[in-house]
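K.L.:
predicted structure and sequence below. I'll ask about it afterward.
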Amino acid sequence: MPLPYSEIVMEHFRHPHNVGRIEDADAKAVEGSPACGDMVAVYLKVDEESQRITDIKFESYGCASNIATGSIITELAKGKTLEEAKAISWKEASEALGGLPPIKTHCSVLAVDGLRAAIQNYEERHGLVKERVPTTVEVVRKRLKHVMNPLVGLDLVRTKVVKDIEVSDGTVRVELDLPSDHQFANNIRDEVIEKIEPLWDVERVVVEFIE
Amino acid sequence: MTMFGEFVYLDNAAATRLDERVLEAMRPYFFETYAVATSQFGYSPGIEARDALDAARARIAASLGAEPEEFIFTSGSTESSNMALKGVALALAARSGDRRPSSGDRRPSGTGAHIITSKIEDFPVLHSARALEKQGFRVTYLDVDEDGRLILDQLRQAITPQTILVSVQAANQEIGTLQDLAAIGAICRERDVLFHTDASHSFPRVSLDVREVPVDLVTVTAHLIHGPKGVGGLYVRQGTPLAKWMDGGFQEFNLRGGVENIPGAVGFAKAVELVTPEETARLQDMRDRLIERLLRIPHSRLNGHPTLRLPHNANVSFRFVEGESILLHLDMRGFAVSTGSACFSRSLEASHVILGIGGDHERAHGSVRFTFGRFNQPEDVDAVAEAISDVIEKLRAISPLGKG
């Protein structure tokens, strides 16, 4: 047992598919995580009539699981319609890779988010976006489903780490059922802020730990 | 693999290969003289064991310019630093003067007493300080400059009448920067504050003589000098207040209970003896050549001080690429190195050392540490330099950054 990565992950890491950029892309997105430090860029060519992804490329400034997930997710998305591609989950990508170590989940989620952000970018450019919805507790909760608890590789909501969410006057307060000296406390806090802060009507994010 | 199909190990600041001569020195204390070190009135194998322990202690103490009774064996550098910080804190908590009666005050007894350390210490010191903070001690974490050197004026200003201990490392675990222990010790002496230094990474390659340097406690370890894992030591200057924090028997001058690790102590002493200035100069040559080669790679920079650094440590950041990816690609080619990238750390946090010297997340992300040891050969330098140049070129080709 030399490495925690599956043979499929290592193969995609060694020889990633669909690497590079599309200069005349119809849409692109960069997802970055100051917490983990990884970044991924996704470029799309979309057939306007069929709404199918005709070409897709990615670039990664990241670790092995980030590179491998970028590779597999672009494979999965190629040829699919935007609606189909939007539905590709991290779970699907992870299974196609033969599983990922729990602690590496967050780096690979980034690649999935990159694909979704690129699709959203396409929708925005082509006037396919509905009105901006105000941030509610439910919106925050949904976003927190993309923040991983590195100990188990499952999200904060599913692992019942989110104790309370409050939204008022542009301030979002998230209370987590973790001690402040938890091994991953700083990492989780940074990722929560990073997911919630970009919401259009949010000015401040406060993350609190129980003592 | 390299040209000769051998794995090239360049992570000697994490662990080192045991030297056979160390194992040979230890062997009799597993199979022949395995008795505990008894009192002078014990049976003969116990007295032989005691003699071996005393000889090992004397040899290591002498390498620090210390007396044998000033050197305590521990299970390694983590224990040594815990013992230094917590032992002094416990012994001197009352000295702060404003210790309140327990009624109505839920905070434990450390209230008010003050400890000073640096932001780039290794975890045994840093986390011991944090643990003491939770118990009511005050801790100041001093900044370092961009090379990783302590800012002495900040130290002078930080010392208060409540300060009981200053703990500043001899050399940094990641970037290799050496501190001016003589200057730090002089400041502590002048202000009547105890001084501990974690010398895990420098001992005994960088000389430290406690007769010349005013230091009260020194952490050392065997596992980074081709000695066994699980044995280290703490130099304790005569008269230094230190509470016993591992209760048990009366071993180690009644400062640390527990059966002595005699094979470990003997192996540690042998390992110290085998480190020579000639060997250290050889490692330094390899280090210098490697740094020179690595800095030829575009967008690279040295981390740590250019000259005041560990003789066997090179640490370079490469922009636009991530450390774990570099490390895995190098592993596939037969090289072991380390990185300060968050993706590689157990807490998923970027190196506190790189951030501490004013580096950003990106600089930590692409930082790679190479540390040489006795079993490295000059040709390892060219081999790893060529391999990493190629790996970085490949990873930069798929990176979204750095393409103008």
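P.N.:
Arrived safely. Numbering: from 1, shown residues only, chains lettered A, B, ... in the order given.

K.L.:
buried sites along stretch A:91-101?
P.N.:
A:A93, A:S94, A:A96, A:L97, A:G98, A:L100 (16 or more other C-beta atoms under 10 Å in any protein chain shown). Every residue, glycine included, has its C-beta placed from N, CA and C.

K.L.:
revised request: answer the last question for stretch B:160-173.
P.N.:
For stretch B:160-173, by 16+ other C-beta under 10 Å, it's B:Q162, B:T163, B:I164, B:L165, B:V166, B:S167, B:V168, B:Q169, B:A170, B:A171, B:N172, B:Q173.

K.L.:
how is the chain partitioned into domains?
P.N.:
I'll assume chain A. A:7-125, A:137-209 (automatic domain parsing).

K.L.:
sorry, should have said chain B
P.N.:
For chain B, the structural domains run B:8-17+B:276-397, B:70-244, going by automatic domain parsing.

K.L.:
A:F184 and B:P400: what is the separation?
P.N.:
Using C-beta to C-beta, to the nearest Å, A:F184 is found at 26 Å from B:P400.

K.L.:
before we move on, what about B:K229?
P.N.:
Distance from B:K229 to B:P400, by C-beta to C-beta: 42 Å.

K.L.:
quick one: closest of the domains of chain A to B:A385.
P.N.:
domain A:7-125 (21.4 Å; C-beta to C-beta).

K.L.:
and the closest one, how far from the chain's centre?
P.N.:
Computed by C-alpha atoms, centre = their mean, to the nearest Å, the chain-centroid distance of domain A:7-125 equals 9 Å.

K.L.:
so which of the domains of chain A has the densest surroundings on average?
P.N.:
Among the domains of chain A, domain A:7-125 has the highest mean neighbour count (mean count of other C-beta atoms under 10 Å in any protein chain shown), at a mean of 21.

K.L.:
for B:F71, phi and psi?
P.N.:
phi -120, psi 120 (degrees, to the nearest 10).

K.L.:
the residue nearest to it when sequence neighbours are not counted in helix, strand or coil?
P.N.:
Closest residue in space to B:F71, ignoring its immediate chain neighbours: B:A61 at 4.1 Å, by C-beta to C-beta, 6 or more residues apart in numbering or on different chains. Under DSSP: H, G, I helix; E, B strand; the rest coil, B:A61 falls in the helix class.

K.L.:
how many residues are close by the residue lying closest to B:V316 once chain neighbours are set aside?
P.N.:
Nearest non-adjacent residue to B:V316, counting by C-beta to C-beta, 6+ apart: B:L294, 4.6 Å away. Using other C-beta atoms under 10 Å in any protein chain shown, B:L294 is surrounded by 24 other residues.

K.L.:
who touches B:L294 in this structure?
P.N.:
Taking C-beta atoms under 8 Å, 6 or more residues apart in numbering or on different chains, we find B:L294 in contact with B:S300, B:L302, B:A314, B:V316, B:A385, B:I388.

K.L.:
with A:D155 instead?
P.N.:
Here A:D155 is in contact with A:L144, A:K145, A:H146, A:V147, A:M148, A:N149 (C-beta under 8 Å, 6+ apart).

K.L.:
by contact count, what packs against the least confident helix or strand in chain B by mean pLDDT?
P.N.:
Sorting the helices and strands of chain B by mean pLDDT, DSSP states H and E puts helix B:361-365 at the bottom, at a mean of 87. Counting contacts by 3 or more C-beta pairs under 8 Å, 6 or more residues apart in numbering or on different chains; DSSP states H and E, helix B:361-365 packs against helix B:352-356.
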